[in-house]
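Chemist: Quick one, what's the 3D model for this:
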Amino acid sequence: MSILDVISHALLWIFIKQLIVVSAQFDFFNRQQSFRNAVNRRTTTSKPCDLHADPNNRRVFLMNVNGEMRERPCAFGTLYSQRTCDCSDYDPDANLNGRRCRAPLYIPFNTEPIKDHGGTNIAMGNNGRVRVFDNVGNFNGNGAVTIWMYSGIDFGEHLGITLNFRDIITGGNSEQVLVSNCFYNSIGSVEIVIQPANQLVVFRVTTDKPSSAELSIPYKRQSWTTVAYTYNGNTLIGKVNNQVKSSNITGKIAVSPGSLRIGLCNGRGFVGNIDEFRLCQPILATLNDS
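Modeler: Here you go, the predicted structure:
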């Protein structure tokens, strides 16, 4: 046998061995088993829903926070659905001048990296000082979550924001930003801030008239507090738990070159926890029905 024949037989033997190994891995000779494995690979287990419906109020849901079931509000114009485990149903009774709301931005602060869970994957940045512990965002006075797409955005005449917060220390900055679109040393055209020394939540809006409005509502220090901000083209409405105030003001919300920031803006850093942040922008009801 020539050397060429020996090499040919050796190569053939190597090829046959490799074919056997590959066949075993992919079950080429057992089509039934191969199909069953393929089906198993495609079958996934859905993550169980850790939220619960409130039997008396579909505009809220219940969430376990540190072993305690806490009430969390749905975004304006939405109702909680246990089927989808979120506030995905539209509220037929919610109406802002013929418009209804959607919540394109939803930050539950339950995972790291912190991200949008509103279904549109809006990009955001964490300056590295905001952490998530026990399903809430922890802010140390230097931490900020920045949503870049809201830089220079025209909110128009309708905007809603809801969030929960708890300040956790005395002292700190005299004014602390929960959310703002401030730019450098200017305050934002949209702001929710707290003034801990006065135990006040302050709501602000500036319109293109130009004009501005500000509301102050008391809150209880170091306790979980739910706030809601609404502007509808005619009125600024602030809500702190069950307390509501309003101020008449008209015009479109002034466009700010600043991004939307949670927890820190132009040095006014918040110290405490933020949870269940939602930003709501209304769209025509006909679009909701499509």
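Chemist: Surely residue 200 and residue 215 touch.
Modeler: No - Residue 200 lies out of contact with residue 215 (Cβ atoms under 8 Å); the separation is 9.6 Å. For glycine as for every other residue, the C-beta is placed from the backbone atoms N, C-alpha and C.
Chemist: between the two, which one's more packed in?
Modeler: Taking neighbours as other Cβ atoms under 10 Å, residue 200 and residue 215 compare with residue 215 leading, 21 against 16.
Chemist: Could you measure from the more buried one over to residue 261?
Modeler: Going from residue 215 to residue 261 by Cβ to Cβ, to the nearest Å gives 20 Å.
Chemist: Please apply the same query to residue 80.
Modeler: 28 Å.
Chemist: ok, and the helix or strand in this protein with the lowest average confidence?
Modeler: Every helix and strand of the chain was ranked by mean pLDDT, DSSP states H and E. The lowest is helix 285-288, at a mean of 30.
Chemist: any low-confidence regions in the stretch 1-150 of the chain?
Modeler: Applying pLDDT under 70 to the stretch 1-150 of the chain flags the ranges 1-47, 75-77, 88, 90-103.
Chemist: What segments of it are strands?
Modeler: Under the criterion DSSP state E, counting those that start in this stretch, the stretch 1-150 of the chain contains strands at 51-53, 60-65, 68-73, 78-81, 86-90, 99-107, 125-126, 131-133, 136-140, 145-147.
Chemist: between the third one and strand 60-65, what angle do the directions make?
Modeler: When axes from the mean of the first three to the mean of the last three Cα atoms, to 10 degrees is applied, the directions of strand 68-73 and strand 60-65 differ by 140 degrees.
Chemist: Buried residues in strand 68-73, which are they?
Modeler: By 16 or more other Cβ atoms under 10 Å, the buried positions in strand 68-73 come out as 70, 72-73.
Chemist: ok, of the residues you listed, which one's closest to residue 210?
Modeler: residue 73 (31.2 Å; Cβ to Cβ).
Chemist: ok, what's across the strand from the residue nearest the centre of the chain?
Modeler: Centroid-nearest residue in the chain, with Cα atoms, centre = their mean: residue 107, separated by 1.7 Å. With DSSP bridges as the criterion, the beta-bridge partners of residue 107 are residue 277.
Chemist: any idea how far residue 277 is from it?
Modeler: Per Cβ to Cβ, residue 107 is found 4 Å from residue 277.
Chemist: Next, show the common contact partners of the two.
Modeler: Common contacts of residue 107 and residue 277 (Cβ atoms under 8 Å, 6 or more residues apart in numbering): residue 262.
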